[in-house]
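Enquirer: this one's structure only:
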């Protein structure tokens, strides 16, 4: 059996791929239009960080945070991922006032994250939030 798609199948695949790329491009355009001076402030916090950039999240947001921490570290910026659930069970000890904590939460209302905020604020480390809601 031939595993190559037919000509029609190839055209359908190309159409779908182009549609996905167009949708992603539109999402990036929308994201770009939402940037304001808070973005610059967040970047300054990260660039001036004397400690680690600590990424934190739960679920899919946690997976994104884990990937960002790995990318930052590979580019020379000291970074760690701390799972919000584990943070509540002792991993907050890794975070100091020299660190910047970047919290990722689609809803912005994740219970595990909200419960950590008072302790993070007591540590006096700068906090940055990325949410799916403005």
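Expert: Okay, I see it. Small disclaimer: the values here were computed from a predicted structure and weren't measured.

Enquirer: for the rest of this, base every contact and every neighbour count on C-alpha atoms.
Expert: Fine.

Enquirer: all helices for the protein, in order.
Expert: Applying DSSP state H to the chain gives helices spanning 7-34, 37-47, 59-74, 84-87, 111-122.

Enquirer: any idea which of those helices scores lowest on pLDDT?
Expert: When those are ranked by mean pLDDT, helix 84-87 comes last with a mean of 86.

Enquirer: that one packs against which elements?
Expert: Here helix 84-87 touches helix 111-122, going by 3 or more CA pairs under 8 Å, 6 or more residues apart in numbering; DSSP states H and E.

Enquirer: elements contacting the helix it packs on?
Expert: helix 84-87.

Enquirer: pull the distance from the helix it packs on to the chain's centre.
Expert: Its chain's C-alpha centre lies 16 Å from the corresponding centre of helix 84-87 when counted by CA atoms, centre = their mean, to the nearest Å.

Enquirer: contacting residues around it?
Expert: The contact list for helix 84-87 (CA atoms under 8 Å, 6 or more residues apart in numbering) reads 56-58, 112-113, 116.

Enquirer: repeat that for 6 Å
Expert: For helix 84-87, the surrounding residues in contact (CA atoms under 6 Å, 6 or more residues apart in numbering) are 56-57, 112.

Enquirer: of those residues, closest to residue 74?
Expert: Nearest to residue 74 out of those is residue 56 (CA to CA; 17.8 Å).

Enquirer: the residue lying closest to the closest one once chain neighbours are set aside bridge partners, please.
Expert: Among residues not flanking residue 56 along the chain, residue 103 sits closest, at 4.8 Å (CA to CA, 6 or more residues apart in numbering). Residues in a beta bridge with residue 103, per DSSP bridges, are residue 56, residue 129.

Enquirer: tell me which residues touch residue 103, please.
Expert: Residue 103 neighbours (CA under 6 Å, 6+ apart): 55-57, 129.
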